[in-house]
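J.: Predicted model and sequence below, questions to follow.
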Amino acid sequence: MKVLHYVNQFFAGMGGEDAASTPPVLIPGAVGPGRGLGLEISATLACGDDYFAEHEDDALGQLLAWLDEARPDVLVCGPAFGSGRYGYACGTLAREAFRLGIVSVCGMDPQNPGVLAAQGKAYIVPTSANVAGMRDALPKMAALTVALAAGEDPSAAGPFLPRHVRRNAFAAETGADRAVELLLAKIAGDTRSEIPIPDPGRIPPGPVLDIAAATIALVTESGCVPRGNPDQLPSRHARSWHRYAIDGVASLSPEHYESVHGGFELGAASEDPNRLVPLDALRQLEASRRVGTVHGWLYTTTGNGTPVAAAALFGQAIAAELNEEGVDGVILTGT
Amino acid sequence: MPAPLEIASYHCVDVRFGPAGSFRNGILELERERLRELARDEPPIVDVEITLVRPGDPVRLVNVLDVVEPTVKIDRPEATFPGSLGFDTKAGVGRTNRVDGLAIISMADFGPTRNATLLKDLPLAVIDMSGPAAPYSPWSKTRNVVVAYSFAAGASLEAAARTARRATLRIAQEIAEATRGAMPDDSLVLDDGTAEASDDLPAICVVLQLGAEGAVYDTFLYGQPINELEPRVLAPSEVLDGALVNQAFNWAAVRNPTYVYQRSRLLLALSGMHGKTLRFAGVVVGISYLESALDKERVARLAAEAAASLGADGAIVATFSSGYSHADAMLTCRACEAAGVRTAIIVAETDSGLFDHVEEADCIVSVGNIDEPAPQWQPEAIVAPPGSAAASELPSRLSIASYVGAAVQTGDAQLTMVPA
């Protein structure tokens, strides 16, 4: 049984936040929590959480190259507990390893954004939100790893989060015949679906703000970026979001801003980017004290052909930052 | 009361070229030069190549545009594909001869047309006649007359797409003409639900969403563009008898070739169950892939109103493509449920799951994941339009999305998703 283990800079013993920008490293044998798994770990992959978040393509490229070379039976990631950046790296790496045909076991809190990032491609052992759950998590992750490496039924080896992984297959009947059957059953009171019904994830609105004292952020999916698109935000199928400083910016002038969205005709937006992101109007409200403060960063992505799961991931990450920075409310503009 | 539609089927056991068009003992002979002349009749088509392929041939067809079943209104040929080819007369009335087991497959490379740059993104559309990925396209199982068009340099994309559509229909009609005087293998009479059906049976309608987004993403109703179409009711027999013709050449797995309207499994299944387990109330057609919230809500509401006006207890929403059209399917589902019409939706999936979902959509048929890689295969020969670069630039790895009809959201194929 060949097992590789992925951890972040902290659990690799390289340091805390100060080492979060460390690029991927390959360490022979087990490190940190890997020693507690009770498995023979042939190598540990480690990467700084910030480095992974900010250079995802580079980090993945290196980590996947090592994985492809080593071809382990199982990749173990974490446990990441409630740490959003660590969990995101674990989930994303596990998902991409799946594309290489490498199965992964992760450990994290079920609310961790890494669960969404894994897109059901990993076996995720639910853990506590903090590191106190280490002792509980490791044996469960190890048992699952052993079962998967042996080709045994993983569900007998302990609990993991629902994966919702499905594959194509030919049905005995056409989609039309199945649709007729399902509809007649639904009318008769037996409602079934071939696609698991997504959790609407509806979030109740927060309390009404005292707008005159509130910090308001601008968030947009309109593809609005500084002219020249410094971070190469794509026109469709965006895989990331970006933020740009707007402290001291009175208005989004066409000389300095543009939209790279590929889903609508850009003429009017290019003439006045304020119509994508109403900074000009918000500054007037701020000056007349009808709005407290305009947050210093504009958050942007391209919402074009973006699956709900990916959009939810962007939203979670952006909301987490806004929360940390004390933002009270958001104006979210869509196109 | 109008005469019902009678569909006479002539089973084709083989097809070959011969000195004259004929159909004897299931052997269809085609007069190649005559078919080429028929197709070349309309500029900017400058040349046409016709190739015959059979199930099991070690070939891959590329740059496929449309698939059409050969049919002719045998007692009134000028009414074949009404509005598109002949007179604008009501489809679904009188006798139609169809050649069963044979398909006309049109292909072209729009490279030489004026809007070539627009088409850099026109995705690959293939059919493997054998090999591990053959089952993904329903037309790997039919004998196929492949019609490859070349256009005059500088021709507009609109003219090229329009003439290829019409030429393919002319060939389909001409080929079916060979059945004149022969004995059909099978005959089906469709009376559009006018036969008695108990009020106790659930009334079911189909909401069929259609694409109308420009030259290579279009659908035609009685030969007319449908950009301004508001949801309206069609009789099932109209759809099955050539009223709808495809001119959408985008994502191969999730476009609706003309063939799926002519042989709609959904409409035929519901017609067959009429009076027994259900009452088939009719078909509501409307455009989809709408871009404004206002249009999306209006079309969803009007489709639901049309379904309710048919007395439908239930509706099956069939769609095409992905993204906007799926949002429209979801809104239509919501509007139908609000009008008391219980609804099922047919959709294809991607690696990322559903693009949109409403709570009311609790009964969804999956026709497969188009992002899944298809098994690799090296064909012995490629059948491609003359001078097409596609043949030499084929990626080594194709996904299901490239296979024509693989995940057609009218429910005509058998792909689905199961737990891994």
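T.: Nice, thanks for sending it over.
J.: Distance of the residue of the stretch 1-150 of chain A found nearest chain B relative to A:Met141?
T.: Nearest to chain B in the stretch 1-150 of chain A, going by C-beta to the nearest C-beta, is A:Gln119, at a distance of 7.3 Å. (C-beta placed from N, C-alpha, C; glycine too.) Plainly put, A:Gln119 is 19 Å away from A:Met141 if you go by C-beta to C-beta, to the nearest Å.
J.: So what's the residue count around the nearest residue to A:Ala310 once chain neighbours are set aside?
T.: Computed as C-beta to C-beta, 6 or more residues apart in numbering or on different chains, the closest residue to A:Ala310 that is not its neighbour in sequence is B:Ser352, at 6.3 Å. Neighbours of B:Ser352 under the rule other C-beta atoms under 10 Å in any protein chain shown: 17.
J.: can you give me phi and psi for B:Ser352?
T.: phi -90, psi 10 (degrees, to the nearest 10).
J.: what's the answer for B:Val404, then?
T.: phi -60, psi 120.
J.: So what's the residue count around it?
T.: 26.
J.: show me the residues around the residue lying closest to A:Ala238 once chain neighbours are set aside that make contact.
T.: Excluding the flanking residues, the one nearest A:Ala238 by C-beta to C-beta, 6+ apart is A:Thr302, at 4.2 Å. For A:Thr302, the contact set (C-beta atoms under 8 Å, 6 or more residues apart in numbering or on different chains) comprises A:Glu221, A:Ser222, A:Gly223, A:Leu233, A:Pro234, A:Ser235, A:Arg236, A:Ala238, A:Val260, A:His261, A:Gly262, A:Gly263.
J.: do that again at 7 Å, thanks
T.: A:Glu221, A:Gly223, A:Leu233, A:Pro234, A:Ser235, A:Arg236, A:Ala238, A:Val260, A:His261 (C-beta atoms under 7 Å, 6 or more residues apart in numbering or on different chains).
J.: With just CA atoms, put stretch B:393-413 into PDB.
T.: The C-alpha trace of stretch B:393-413 is given here as PDB (Å, rounded to 0.1, in the frame of the first residue of the first chain):
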ATOM      1  CA  GLU B 393      -6.800  18.700 -36.000                       C
ATOM      2  CA  LEU B 394      -8.900  16.300 -34.100                       C
ATOM      3  CA  PRO B 395      -8.000  16.200 -30.400                       C
ATOM      4  CA  SER B 396      -6.900  12.800 -29.200                       C
ATOM      5  CA  ARG B 397      -9.400  13.000 -26.400                       C
ATOM      6  CA  LEU B 398     -13.000  13.700 -27.000                       C
ATOM      7  CA  SER B 399     -15.700  14.200 -24.400                       C
ATOM      8  CA  ILE B 400     -19.300  13.000 -24.600                       C
ATOM      9  CA  ALA B 401     -20.200  16.600 -25.600                       C
ATOM     10  CA  SER B 402     -18.700  16.000 -29.100                       C
ATOM     11  CA  TYR B 403     -21.000  13.100 -29.900                       C
ATOM     12  CA  VAL B 404     -24.100  14.100 -31.900                       C
ATOM     13  CA  GLY B 405     -27.300  13.400 -30.000                       C
ATOM     14  CA  ALA B 406     -25.500  11.700 -27.000                       C
ATOM     15  CA  ALA B 407     -27.400  13.600 -24.400                       C
ATOM     16  CA  VAL B 408     -30.200  15.000 -26.400                       C
ATOM     17  CA  GLN B 409     -32.700  16.700 -24.000                       C
ATOM     18  CA  THR B 410     -35.800  15.600 -25.900                       C
ATOM     19  CA  GLY B 411     -35.200  12.200 -24.300                       C
ATOM     20  CA  ASP B 412     -34.400  10.300 -27.500                       C
ATOM     21  CA  ALA B 413     -31.200   8.600 -26.200                       C
END
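J.: Mind checking if it is in reach of chain A?
T.: Yes. Counting by C-beta under 7 Å from any C-beta of the partner chain, chain A has neighbours in stretch B:393-413: B:Ile400, B:Thr410, B:Gly411, B:Asp412, B:Ala413.
J.: Pull out the buried positions in that stretch.
T.: B:394, B:398-413 (16 or more other C-beta atoms under 10 Å in any protein chain shown).
J.: Looking at those, which are in strands?
T.: Using DSSP state E, no member of the buried residues of stretch B:393-413 falls within strands.
J.: Those residues of the stretch 201-350 of chain B touching chain A, which are they?
T.: Counting by C-beta under 7 Å from any C-beta, the stretch 201-350 of chain B sits next to chain A at B:202, B:204, B:265-266, B:269-270, B:277-278, B:313-314, B:316, B:323, B:342, B:344, B:346, B:349.
J.: Tell me which two of these sit farthest apart.
T.: B:Thr277 and B:Gly323 (34.7 Å; C-beta to C-beta).
J.: Which of these two has more residues huddled nearby?
T.: A direct count of neighbours by other C-beta under 10 Å for B:Thr277 and B:Gly323 places B:Gly323 higher, at 17 against 14.
J.: Quick one: residues contacting the more buried one.
T.: A:Gly305, B:Phe355.
J.: Let's see the pLDDT reported for the residue of the stretch 1-150 of chain A closest to chain B.
T.: On pLDDT, A:Gln119 comes in at 84.
J.: Return the distance of the worst-scoring helix or strand of chain B on mean pLDDT from the chain's centre.
T.: Within chain B, no helix or strand scores below strand B:415-419, which has a mean of 92 by mean pLDDT, DSSP states H and E. Averaging C-alpha positions (C-alpha atoms, centre = their mean, to the nearest Å) puts strand B:415-419 23 Å from its chain's average.
J.: Fine, thanks again, bye for now.
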